[in-house]
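Colleague: give me a 3D structure for the following:
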Amino acid sequence: MSTQGSSTKNSVSANTSRTRRTKRSRADKTTVRIGFVGAGKLASAIITGLVVHPRDNPNEKPIDPKRIYVSAPTTINTDQLKITFPGIRITKRNIDIFGRFDCDIVFICVPPTVIRNLYKIGGTRPAALTTNYIPNMRHPVYVMSLVFGFSNDQIKECLLNPENPERYTVKFYRTVISHSIAYGVGNCWVDAEPDSKNFPELVRDILCRICRVEYLPENQMDSVCTISGAGLAFCYYFINALADGAVKLGFPRALAIKLASKIASSTSQTVLNTGEGASKLKEDASSPSGGAIFGQLVLDKSEVSSGICAGIEAAYKRSYTLATTGNSD
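Modeller: Residues are numbered from 1 along each chain as shown. Predicted coordinates:
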């Protein structure tokens, strides 16, 4: 009996040591453990970028899926993640991301309704996002919140034990990441200058391998979240409409989409590279009495421009409603 008990104890100890490090040296990009609270489309896009599509540098090695950890209350999305990325670690308990899995960087990717509901049921303080407040970590932890409508201070209240906040070595950042990060061409905005001492080198190394990182004040995060998210969908909508026009002129569908995509890409790069306003460049591309100006008059008559603006406003209002009421109906 004693031998069996000793064997079981040693087995548990061995399994624990493989997951939770008892003595932590400072993590680097080759040893970092990356956690995700939430397993929706954005989390999946970031994971895909990390594992499959390092940006620009072909010599940059992707992140090993064994160093990625995901928590979600159901297996609706995590089952597919396990198939797509063998070795990824999955749990239904958010606390495991900070405790058992001992992650260094944690992306909070839950819908705003999740945080709002924590405030609804918590009384004077929100309930914990984890089953309990996260433990006092033995190493620095960087929490990247991608939750619309909630400040860093509000996310802290859902994670840190208020009785001993000074014992934590957790740093929080508001972040917006575009879904195109899955293809290594995404953009990321953070509320700290990426090249400053206020932003950890470890996080910068990880993010820069899959996207372009820029500074944005925290009070503008919700707006850029809407423009980045809805705007990306709108751009796909426009490319598809442009391709429809090419098909109407006789192009095969596949060629039409390729042509429309190249035009959209070169147009955006022209704006970024020249620094000129889009209105000025639009005028430069429109010859007097030419086809482009006649086409623009049709678009103006259809109120395309105001429709896009109204679409951005509607997307923002919807996200704001989810964040402030927790009502997804």
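
Colleague: hey, C-alpha coordinates of stretch 112-126 in PDB?
Modeller: Listed next in PDB are the C-alpha coordinates belonging to stretch 112-126 (Å, rounded to 0.1, in the frame of the first residue of the first chain):
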ATOM      1  CA  PRO A 112     -18.200  42.300 -22.900                       C
ATOM      2  CA  THR A 113     -21.400  40.500 -21.700                       C
ATOM      3  CA  VAL A 114     -19.200  38.200 -19.600                       C
ATOM      4  CA  ILE A 115     -17.600  41.100 -17.700                       C
ATOM      5  CA  ARG A 116     -20.900  43.000 -17.400                       C
ATOM      6  CA  ASN A 117     -22.600  40.000 -15.900                       C
ATOM      7  CA  LEU A 118     -19.800  39.700 -13.300                       C
ATOM      8  CA  TYR A 119     -20.600  43.300 -12.200                       C
ATOM      9  CA  LYS A 120     -24.300  42.400 -12.100                       C
ATOM     10  CA  ILE A 121     -23.900  39.400  -9.800                       C
ATOM     11  CA  GLY A 122     -21.000  40.700  -7.600                       C
ATOM     12  CA  GLY A 123     -22.800  43.500  -5.700                       C
ATOM     13  CA  THR A 124     -20.400  46.300  -4.600                       C
ATOM     14  CA  ARG A 125     -17.600  44.500  -6.400                       C
ATOM     15  CA  PRO A 126     -17.700  42.300  -9.500                       C
END
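
Colleague: give me the mean pLDDT for that stretch.
Modeller: For stretch 112-126, mean pLDDT rounds to 89.

Colleague: that one: how far from the chain's middle?
Modeller: 22 Å (C-alpha atoms, centre = their mean, to the nearest Å).

Colleague: which other residues reach it?
Modeller: 38, 127-129, 147-150, 154-155, 157-158, 162, 319, 322-328 (C-beta atoms under 8 Å, 6 or more residues apart in numbering). No exception for glycine: its C-beta is placed from N, CA and C like everyone else's.

Colleague: what comes up buried for that stretch?
Modeller: 112, 113, 114, 115, 116, 118, 119, 126 (16 or more other C-beta atoms under 10 Å).

Colleague: also stretch 219-236?
Modeller: 221, 222, 224, 225, 226, 227, 228, 229, 230, 231, 234.

Colleague: quick one, phi/psi of the residue nearest the centre of the chain?
Modeller: The residue lying closest to the centre of the chain (C-alpha atoms, centre = their mean) is residue 177, at 4.1 Å. Backbone torsions of residue 177, given as degrees, to the nearest 10, read phi -130, psi 130.

Colleague: list the contacts for it?
Modeller: 42, 45, 46, 146, 186, 187, 188, 189, 211, 228.

Colleague: returning to what we had before: let's see which of the buried residues of stretch 112-126 end up in helices.
Modeller: The members of these that map onto helices under DSSP state H are 112, 113, 114, 115, 116, 118, 119.

Colleague: ok, which stretches of this structure are helices?
Modeller: Counting by DSSP H, one finds helices in the chain at the ranges 2-19, 41-52, 78-84, 95-98, 112-122, 152-157, 201-208, 221-248, 253-274, 278-284, 291-301, 304-325.

Colleague: the fourth one - what's its average pLDDT?
Modeller: Mean per-residue pLDDT for helix 95-98: 95.

Colleague: show me what that helix is packed up against.
Modeller: Under the contact definition 3 or more C-beta pairs under 8 Å, 6 or more residues apart in numbering; DSSP states H and E, helix 95-98 sits against strand 34-37, strand 68-71.

Colleague: what does the third one give?
Modeller: Secondary structure elements in contact with helix 78-84, counted by 3+ C-beta pairs under 8 Å, 6+ apart, are helix 41-52, strand 89-91.
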